[in-house]
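>>> here you go, sequence then predicted model.
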Amino acid sequence: MKKIFMTLMSVVTIFLMAACGNSDAAQTSNAAQNDKPPQKKILVAFFSATGNTAELAKNLSTVIDADLYEIKPKVEYTSGDLDWHNENSRATVEMKEGNENVRPEIDGTVENFGGYETIIIAYPIWWNTEPRIIDTFLESYDFKGKIVIPVCTSGGSDIQHSEARMKKICPAATWKNGQRFTSHTTQDELKTWFSKL
Ligand SMILES: Cc1cc2nc3c(=O)[nH]c(=O)nc-3n(C[C@H](O)[C@H](O)[C@H](O)COP(=O)(O)O)c2cc1C
């Protein structure tokens, strides 16, 4: 009898502990929601296939205290896709003359895009211009009233050609002069650049 009573008490105790645990979790999650800081006013949106631009974008978002958003392709680029020596590789075909309207799909969306005042778009130079997925991004949101600043990494090509293209694709934005960086650009250099904009 004593054994049955003890077993019953254990079951009741476990049940009560579980119930308390859930309510604590609910309270914590409500508190976390209420404590969510207001959104930042600057967004650094980046696309990076091999990591250089990701490094730049992360450093930049840290020094200027911006939110960071990765423009992720629905279908990731493999190293074979990125082979610019191969005229049939995915990236080469996408960037070919005549394929200016190719728009690789993006996986996911920017939360509360409307809340940002400034969007910095970071990308690698592909075939002397911005990858087509950046054009997908520009055509996916309403940029009216937004300040947009392009930044890029590259093996040496400058940003000018991509800037001109992007302005044509997204005339609604207020464009500021872009800048080419490397993944080794220091946080101090990024800070100085941003302060002079
Ligand atoms: C398909 C492809 C085309 C490229 N075309 C150019 C180019 O025209 N000029 C240049 O300077 N670098 C070019 N690059 C080099 C990249 O711009 C450079 O490595 C960049 O930092 C890569 O950034 P990520 O690591 O963020 O993808 C090309 C790279 C790839 C994969």
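Looks like it arrived, so ask away.

>>> any chance you could map the helices in the protein?
2-34, 52-63, 90-95, 132-140, 160-169, 187-195 (DSSP state H).

>>> least confident of those helices, on average?
The minimum mean pLDDT among those belongs to helix 2-34 (a mean of 45).

>>> look up how far Ser154 lies from Ser183.
Distance, Ser183 to Ser154, using C-beta to C-beta, to the nearest Å: 11 Å. (Each C-beta comes from the backbone N, C-alpha and C, glycine too.)

>>> what's around the nearest residue to Ile125 once chain neighbours are set aside, how many residues?
Leaving aside its chain neighbours, Ile125 sits nearest to Ser154 (3.6 Å; criterion: C-beta to C-beta, 6 or more residues apart in numbering). Other residues lying near Ser154 total 18 when counted by other C-beta atoms under 10 Å.

>>> identify the residues contacting Ser154.
By C-beta atoms under 8 Å, 6 or more residues apart in numbering, the residues touching Ser154 are Pro124, Ile125, Arg180.

>>> Ala164 too?
Shown in contact with Ala164 (C-beta under 8 Å, 6+ apart): no residues.

>>> what of Thr109?
Contacts of Thr109 (C-beta under 8 Å, 6+ apart): Ser140.

>>> backbone dihedrals for it, both of them.
phi -140, psi 160 (degrees, to the nearest 10).

>>> pLDDT score for it?
pLDDT, Thr109: 97.

>>> you'd agree Asp81 is up against Thr92?
No. Assessed by C-beta atoms under 8 Å, Asp81 is found out of contact with Thr92, at 9.0 Å.

>>> how about the contacts made by Tyr141?
Counting by C-beta under 8 Å, 6+ apart, the residues that Tyr141 touches are Val110, Phe113.

>>> one more time with 10 Å, if that's ok
Shown in contact with Tyr141 (C-beta atoms under 10 Å, 6 or more residues apart in numbering): Ala45, Thr109, Val110, Phe113, Gly114, Tyr116, Ile119, Cys170, Ala172, Ala173.

>>> out of the residues you listed, which are buried?
If you count burial by 16 or more other C-beta atoms under 10 Å, the buried members of these come out as Ala45, Val110, Phe113, Tyr116, Ile119, Cys170, Ala173.
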